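Undergrad: Sequence plus the predicted model coming up.
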Amino acid sequence: MSYSMENTISTHGRQSGPNGTPIPLRYVFCALVLLLSAAAFYALLPRLISQIHFLRAKNYIRQGNYGLAISRLEKANTYRTKDSEILKQLGDVYNKLGERKSATREAFRLTEKAKDAYVRAALLNPLEVEIAYGLARTESRLEQLYKHLHPKDKANPYQPGSYFENTLRLRPNGILYNSAFARYLYQHGENEKFLRVIRTLARIYPPSYYDLKEQPFWSIAVKEAVKDGLQQAIKEDISPKNTHRIISTLLADDEEWNEAIAHYREALLHQEFNNTSGDYIHLGRLYLKNGQPEDAELSFFRALDIARERDRALRALYNIYKKEDFPVRLYQFYQKAKRRFIFSPQMEIVTAQALINIKHYNQAQRILNELNDQEPTAEAYYWLARIYETEKDWDRMELAIQKATVLDPNNSHYRQIFISLLKRLGRTEAVENEIDRTIQNSENPPPNLFSERAQIRWKREDYLGALKDWKSAIRLSPRKASLYARAAEACIKLGDWTEALDYYQKAVKLEPKNKRYTKRYLELKAGSS
């Protein structure tokens, strides 16, 4: 024994080989580490290969290539048979592939495969809510597909109700899951359960009301269930601002104005820093609906006080006065508001527009004249022109709209109105001059201006000038057949039959059913041959 040990281990702490050659211990240690690493790598290899297949499958899913994705997921599952995430993904892909199939039987087969994948995933991870929900959705689809395949079979083997209930046991406050269960219950006529889920939805997520009211199942009973859920949300202090707003909306729909106002005011007490001018405008509208114009005024003043753009806020509340049939109150509000706030010229214009809309022309005219006395503006003169137009006071309208065009020479709309008025008054020369100025001052003059000037020139037998204008109009509006026809007639007057024929040919091509164009084209063609 002594001899053997001495041959195996030297006094210097080295191990000897079979021939007595000593081996350093670090080599032994390295070999041991390599063996252990190889063993660990061998154990991890299936997981690594599975992960590679899984990642490739996800790439295929993003590309919408579900067939290749399924192939990769099946391979990933082969290397890791107890991975619930792989099986869940497999179920998702089979579902998507089944939804793409128009053939019911093939869709049914793929959806069954989806269910099988979800069932295996659920056995591995029974607490994962996404797996439970995937199973519920799949069972629901199988139920529908089975009805199509076996319309006479009343005993449908697929019953998704228990799967939905299991999903909600895992996530009772899941908005998506409750919504899907509600639709299922409605379709199956389980009214009591359906309304209970609706109450739950309104309680856990008050804004679900906005989606529910758009659903085909919205009814008085559903509305009452939503109200109950919202009242419970208030008790539990769930999103109180939103909840009070929504209850106010529901009550306003029923014209219960006092209660609607009370809830909306309560909503504004929560997170007051988030209140906007629109909130106070809405509250003012509720007051008007309830016949409380004084309270409405106070709310509207608050809206103007915090509004970022007072002219827009003013326009909104004026529209409410008009809609709620309080025209007299509109001008009274303006007078009071002007004492509280500094009115910009635009706010004065907005007020005048509102008064014109309710046909209070004298009050609007007074505001516009006062504005122009301080600092003339093109818009103020434009609205004065519109007032004079309603009164058929053409002389004053001409003066007002002409001033608008002088103050804003680039405004083609003002010039068009001025031109239309001059035409009405029979001022042909003035019309042509105004068209000239409009074209010169416009970067992109509309084609009708050239066409109008062409007609004026045609009437005074300036056919060359008319043709030039119609050509300009054609460049701007090349799909309008009438322009080609008029250009052709100008060419005829100038004796250019060839160009006239070309223009009529284009007119016929654009409007082949126009008998007049076709007749003129054939006449020219016959005359030129």
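TA: In hand now; what should we look at?
Undergrad: What's the separation between residue 493 and residue 523?
TA: Using CB to CB, to the nearest Å, we find residue 493 at a distance of 15 Å from residue 523. In short, each C-beta sits where N, CA and C put it, glycine included.
Undergrad: can you check residue 160 too?
TA: Distance from residue 160 to residue 523, by CB to CB: 76 Å.
Undergrad: So which of those two has more stuff around it?
TA: Neighbour tally, residue 160 and residue 523, criterion other CB atoms under 10 Å: the higher count belongs to residue 160, 22 against 12.
Undergrad: Name all residues that make contact with the more buried one.
TA: 136-137, 139-140, 142-143, 184 (CB atoms under 8 Å, 6 or more residues apart in numbering).
Undergrad: again, only this time at 7 Å
TA: By CB atoms under 7 Å, 6 or more residues apart in numbering, the contact list for residue 160 reads 136, 139-140, 143, 184.
Undergrad: now that we have the residues you listed, which one has the most neighbours?
TA: Ranked by neighbours (other CB under 10 Å), these are led by residue 136, which has 24 neighbours.
Undergrad: Surely that one forms part of a helix?
TA: Yes: applying DSSP: H, G, I helix; E, B strand; the rest coil, one finds residue 136 inside a helix.
Undergrad: the helices in the stretch 201-350 of the chain, which residues?
TA: 208-212, 220-235, 240-253, 257-269, 277-289, 293-306, 310-323, 327-340, 345-357 (DSSP state H, counting those that start in this stretch).
Undergrad: Can you tell me which of the contacts of residue 160 is closest to residue 212?
TA: Nearest to residue 212 among the contacts of residue 160 is residue 184, at 14.9 Å by CB to CB.
Undergrad: so the closest one makes contact with residue 164?
TA: Yes: between residue 184 and residue 164 there is a contact under CB atoms under 7 Å: 6.0 Å.
Undergrad: what stretches of this protein score poorly on pLDDT?
TA: 1-24, 26-44, 529 (pLDDT under 70).
Undergrad: all strands of it, in order?
TA: 15-16, 22-23 (DSSP state E).
Undergrad: thinking again about what came up before, which two in the contacts of residue 160 are spaced the farthest apart?
TA: Across the contacts of residue 160 (CB to CB), the longest gap, 10.7 Å, separates 136 and 143.
Undergrad: how far away is residue 306 from residue 92?
TA: With CB to CB as the criterion, residue 306 and residue 92 are 48 Å apart.
Undergrad: Looking at these two, which one has more neighbours?
TA: Each of residue 306 and residue 92 has its neighbours counted (other CB under 10 Å); residue 92 has more, 22 against 13.
Undergrad: neighbours of the nearest residue to that one once chain neighbours are set aside, just the number please.
TA: In this structure, residue 92 finds its nearest non-sequential neighbour in residue 134, 6.5 Å apart by CB to CB, 6 or more residues apart in numbering. For residue 134, the neighbour count with other CB under 10 Å is 25.
Undergrad: Distance check, residue 57 against residue 106.
TA: Taking CB to CB, one finds residue 57 at 21 Å from residue 106.
Undergrad: and those two? which has more neighbours close in?
TA: It is residue 57, of residue 57 and residue 106, that has more neighbours when counted by other CB under 10 Å, with 25 against 13.
Undergrad: my guess is that one contacts residue 67, does it?
TA: No: here residue 57 does not reach residue 67: they are 11.0 Å apart, not a contact under CB under 7 Å.
Undergrad: out of the contacts of residue 160, which are inside helices?
TA: 136, 139-140, 143, 184 (DSSP state H).
Undergrad: Report the separation between the nearest residue in space to residue 355 that is not next to it in sequence and residue 347.
TA: Closest residue to residue 355 apart from its sequence neighbours, by CB to CB, 6+ apart: residue 364 at 3.8 Å. Distance, residue 364 to residue 347, by CB to CB: 14 Å.
Undergrad: In stretch 351-367, which residues are buried?
TA: Within stretch 351-367, the residues scored as buried using 16 or more other CB atoms under 10 Å are 351-356, 358, 360-361, 363-365, 367.
Undergrad: and what of stretch 181-190?
TA: For stretch 181-190, using 16+ other CB under 10 Å, the buried residues are 181-186.
Undergrad: Just give me the closest of those residues to residue 405.
TA: So of the buried residues of stretch 181-190, ranked by how close each gets to residue 405 (CB to CB), first place is residue 183, at 60.4 Å.
Undergrad: quick revisit: looks like the residue nearest to residue 355 contacts residue 354 (just checking).
TA: No: in this structure, residue 364 is not within contact of residue 354 by CB under 7 Å, at 8.2 Å.
Undergrad: so how many other residues sit close to the residue lying closest to residue 181 once chain neighbours are set aside?
TA: Spatially, and ignoring its direct neighbours in sequence, residue 181 is nearest to residue 164 (4.3 Å; CB to CB, 6+ apart). Using other CB under 10 Å, residue 164 has 25 neighbouring residues.
Undergrad: Same check on residue 51?
TA: For residue 51, using other CB under 10 Å, the count is 16.
Undergrad: now swap in residue 192 and tell me
TA: The number of residues near residue 192, taken as other CB under 10 Å, comes to 7.
Undergrad: what about it, distance to residue 230?
TA: Distance from residue 192 to residue 230, by CB to CB: 20 Å.
Undergrad: what do you get for residue 443?
TA: 55 Å.
Undergrad: who has more neighbours, those two?
TA: residue 230 (25 against 6).
Undergrad: tell me the contacts of the nearest residue to residue 435 once chain neighbours are set aside?
TA: Ranked by CB to CB, 6+ apart and with sequence neighbours excluded, the top spatial neighbour of residue 435 is residue 453, at 4.6 Å. Contact partners of residue 453, counting by CB under 7 Å, 6+ apart, are 432, 435, 469.
Undergrad: Surely the first one touches residue 456?
TA: It stands for residue 432. Yes: with contact defined as CB under 7 Å, residue 432 reaches residue 456; the gap is 5.0 Å.
Undergrad: Could you count how many residues lie near residue 249?
TA: Count around residue 249 with other CB under 10 Å applied: 16.
Undergrad: Check the one 4 residues further on too.
TA: When counting by other CB under 10 Å, one arrives at 11 neighbours for residue 253.
Undergrad: Against residue 292, how distant is it?
TA: Taking CB to CB, one finds residue 253 at 19 Å from residue 292.
Undergrad: end-to-end on stretch 170-177?
TA: 10 Å (CA to CA, to the nearest Å).
Undergrad: switch to numbering from 52
TA: Done: numbering now begins at 52, and the last item shifts to stretch 221-228.
Undergrad: What residues sit buried inside that stretch?
TA: So, applying 16+ other CB under 10 Å, buried residues of stretch 221-228: 221, 225, 228.
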